[in-house]
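In: requesting a structural model of the entry that follows:
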Amino acid sequence: MVKVFVNGNWFGCHRNASKLIEDIIEMRRMYTIPKEISIVRDIGKKEIKFFTDSGRVQRPLFIVKSNKLNIRKTHIQQLIREKMDFEDLLKRGYVEFLDVEEEETAMIAMTLADLKGKKAKKYDYTHCEIHASMILGVCASIIPFPDHN
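Out: Predicted coordinates for the structure are as follows:
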C-alpha cells in the first residue's frame, strides 16, 4: 500500500503502485492528462507524488523503451520537411518533459551510443538526452564555452 500525494497534500492510498505509475505515465504521453504533470515514486517511503503546480522547470527528453528510442529517422525527416512539429512528437510519445523531481527516478542515457554499448546491457534506460548540452538547461546552454572555466 502506497500513499499518494498531489502537490504535497495527502490524497489517498493505492494498492498497486507500479500499475498506477504505468497508467498515469501512459495517459500523460497520450495527452489524456496534461503533459506538465510530474510523477515521482519514492519506493523507500512507499509514496507516489504528483506535481501539477506551475513554476516547475521541465526539459524535453527522448522516450526510450527496451533501450531503443521511440523516435526514428523518418520522424526526424518529417520534422525537417515540416510535416510534423514538436507538439506532434509529444502527442505521439517520442518526447516527454521531465522536471528535476522526476529526473531522480529516470535512467537517462547521455548519448545514443549509451543505448547500444556495454552500458545498454547493464542498465534499463527510460529516456535519452536530445543533445548533451541540454543537461545544462536553456540558460546555461547559450553561454559560449561553458565547459571551459
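
In: could you chop the chain up by domain?
Out: 1-52, 57-149 (automatic domain parsing).

In: lowest-confidence stretch among those domains?
Out: Out of these, domain 57-149 stands lowest, with a mean of 85 (criterion: mean pLDDT).

In: name the residues that touch the longest helix seen in the chain?
Out: Looking across the chain with DSSP state H, the single longest helix is helix 17-29. Residues outside helix 17-29 that contact it (C-beta atoms under 8 Å, 6 or more residues apart in numbering) are 2, 4, 14, 33-35, 37, 39, 41, 46, 48, 50, 63, 93, 96. In this view, the C-beta of every residue, glycine as well, is placed from N, C-alpha and C.

In: following element in sequence after it, please.
Out: The C-terminal neighbour of helix 17-29 among helices and strands, as given by DSSP states H and E, is strand 38-42.

In: what residues sit buried inside the helix or strand just after that next one?
Out: Next helix or strand after strand 38-42 toward the C-terminus (DSSP H and E): strand 47-51. Across strand 47-51, burial judged by 16 or more other C-beta atoms under 10 Å covers 48-51.

In: ok, which stretches of the chain are helices?
Out: Using DSSP H, helices in the chain cover 17-29, 73-80, 86-91, 100-103, 112-116, 118-122, 138-141.
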